[in-house]
Structures are given as structure tokens and as C-alpha cells.
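>>> Just a sequence and a predicted model for now, questions to come.
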Amino acid sequence: EAAVTQSPRNKVTVTGGNVTLSCRQTNSHNYMYWYRQDTGHGLRLIHYSYGAGNLQIGDVPDGYKATRTTQEDFFLLLELASPSQTSLYFCASSDGGSYAEQFFGPGTRLTVL
Amino acid sequence: QQKVQQSPESLTVSEGAMASLNCTFSDGTSNNFRWYRQHSAKGLEVLVSIFSDGEKEEGRFTAHLNRANLHVSLHIREPQPSDSAVYLCAVGYGSSGNKLIFGIGTLLSVKP
């Protein structure tokens, strides 16, 4: 089973602050994903990647950048954080393709004051 | 874009009684449907994945898919209090089907 870890687990920042959320997977999956989860919404896809150096735009990308430095590591960057980005963020990885499972990390709770 | 709706929003059942959760979607061309469980804003645990019409069983969890009716359901046999959680329906989309769109979830409470 894929192991997906996220750090930090909790983060508080102020409006305009700079935040980096980290995700690492250790099962050699090609695809990695960043989602946000908010009350009244399902998980929504922010960005995803199918390999080191690759970045694909998801459904709610505004205000977010991402970078995939290695096959294992995928980072989500908020360069000017806003209160609307207060959310629970999940990272996931998969082999890709319709039938591949997505394995999720434990989540990072971000609060922007 | 694919839209996913779940019902009911919340459900309370007694321990041992069958629990049934519903999910409707807008585009029947997807072939990738999954049910996840989430305990108290923690990570997601995949319960059942189903890729064709019919039934798929994984232990106490059974998914039924009917793409013509744009419907997928999850039935939990003999639920326990430890099954109390939010259950999320996810539908694959995109050219490779490797992206998921999620419903808002059903909050299941299992009473002893």
C-alpha cells in the first residue's frame, strides 16, 4: 500500500503570508494530486502532476502554485495567502489511469488569519 | 463537467442494521467510481472501487453501479459504531480517467 505523508499537519499564517505545504510518497507512483476540502464542497482538485517537473492545472487553481521536484515530492505554494484559502488540504498519489487507486495523505489543516 | 451529488446528507442507523448510501452523477460515460470513508477530518480510506455496471463486494461493503440511471450506491452490512464517519463518493473524469470529482459526503452515525 502506498505511503503518503504530509507536512506540516497544522499551519496558521496571516493574510499575505507565504506558505509551502509538502507531500511525499514512497510507492514510486507517477501521479500526485493536491486537493482542498471545505464544508459544503467535496474535495476539489487544485493541481496534479504525472512526473518530476510536470504540472497540470486542476479545477480550483487560482492562488496556488505547485512544484514536483522529484517522483516522491510534490509541494503546494501559497505566495499571498488569503482567508479564503483556509481549508483542509490533502495530497494523493496513484499509478495513473482510470483503474488506479488514489492513496491519500493524512491532510494539512491551514488557517489564514 | 461531471457533477456528483450524495444523499442523504446524514444517516443514523442502529448497530447491525443495513446502511444504504446513494450517489448520482451527471455524465454516464465515466467508468471509474469509488467510495471512500473519512473519520473526523482525517485521511481518506478507499472502501470499494467499481468499474462496470453491477455489484462489487469488499467485505461488509457492497457497491451497486447503474450508469444508465446515473446512480451508484454503497451498502454497509452489519455496521458497527466504528463505521461512524463521512462517506464520500468519487467519480473519475478527464481524458485518462485519472482525476476524481467528489460528492460532499454522507455523515453516517451508527448507534450501539
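All right, it came through fine.
>>> any idea of the mean pLDDT for stretch B:3-15?
For stretch B:3-15, mean pLDDT rounds to 97.
>>> ok, now stretch B:21-36?
The pLDDT scores in stretch B:21-36 average 93.
>>> what's the span of it from first residue to last?
For stretch B:21-36, the first-to-last residue distance is 12 Å (CA to CA, to the nearest Å).
>>> Do I have it right that residue A:49 meets residue A:73?
No - using CB atoms under 8 Å, residue A:49 makes no contact with residue A:73, being 10.2 Å away. All C-beta atoms are positioned from the backbone trio N, CA, C, and that covers glycine.
>>> Give me the more crowded residue out of the two.
The neighbour comparison of residue A:49 against residue A:73 (other CB atoms under 10 Å in any protein chain shown) goes to residue A:49, with 20 against 14.
>>> now the more buried one: how far from chain B?
As for residue A:49, its distance to chain B is 11 Å (criterion: CB to the nearest CB, to the nearest Å).
>>> What sits closest to residue A:67 if chain neighbours are left out?
Once flanking residues are discounted, residue A:67 sits nearest to residue A:75: 5.0 Å by CB to CB, 6 or more residues apart in numbering or on different chains.
>>> Which strand or helix spans the one you found?
strand A:73-78 (DSSP states H and E).
>>> Give me the mean pLDDT for that strand.
pLDDT averaged over strand A:73-78 gives 98.
>>> What strands flank that strand, and is each parallel or antiparallel?
According to DSSP bridges, strand A:73-78 forms sheet pairs with strand A:19-25 (antiparallel), strand A:65-68 (antiparallel).
>>> what's the spacing between the residue nearest the centre of chain A and residue A:45?
Centroid check for chain A by CA atoms, centre = their mean gives residue A:34 as the closest residue, at 2.7 Å. Using CB to CB, to the nearest Å, one obtains 8 Å as the distance from residue A:34 to residue A:45.
>>> ditto for residue B:66
On the measure of CB to CB, residue B:66 and residue A:45 end up 26 Å apart.
>>> Settle it for me: which of the two has more neighbours?
Neighbour count, other CB under 10 Å: between residue B:66 and residue A:45, residue A:45 has more, with 22 against 12.
>>> Touching both of residue A:34 and residue A:45, which residues are there?
Residues touching both residue A:34 and residue A:45 (CB atoms under 8 Å, 6 or more residues apart in numbering or on different chains) are residue A:58.
>>> Up against chain B, what does chain A have?
Proximity of chain A to chain B (CB under 8 Å from any CB of the partner chain) is limited to residues A:31, A:33, A:37, A:40-45, A:48, A:58-59, A:88, A:90, A:92, A:94, A:96-107, A:109.
>>> Just the buried residues of the residues you listed.
A:31, A:33, A:37, A:42-45, A:48, A:58, A:88, A:90, A:92, A:94, A:96, A:100, A:102-105, A:107 (16 or more other CB atoms under 10 Å in any protein chain shown).
>>> Okay, and which of those residues map to strands?
Under the assignment DSSP state E, those contribute A:31, A:33, A:37, A:44, A:45, A:48, A:88, A:90, A:92, A:94, A:103, A:104 to strands.
>>> Get me the contact residues on chain B for chain A.
Near chain A, when you scan chain B using CB under 8 Å from any CB, you find B:1, B:4, B:31-32, B:34, B:36, B:41-44, B:46, B:49, B:51, B:88, B:90, B:92, B:96-105.
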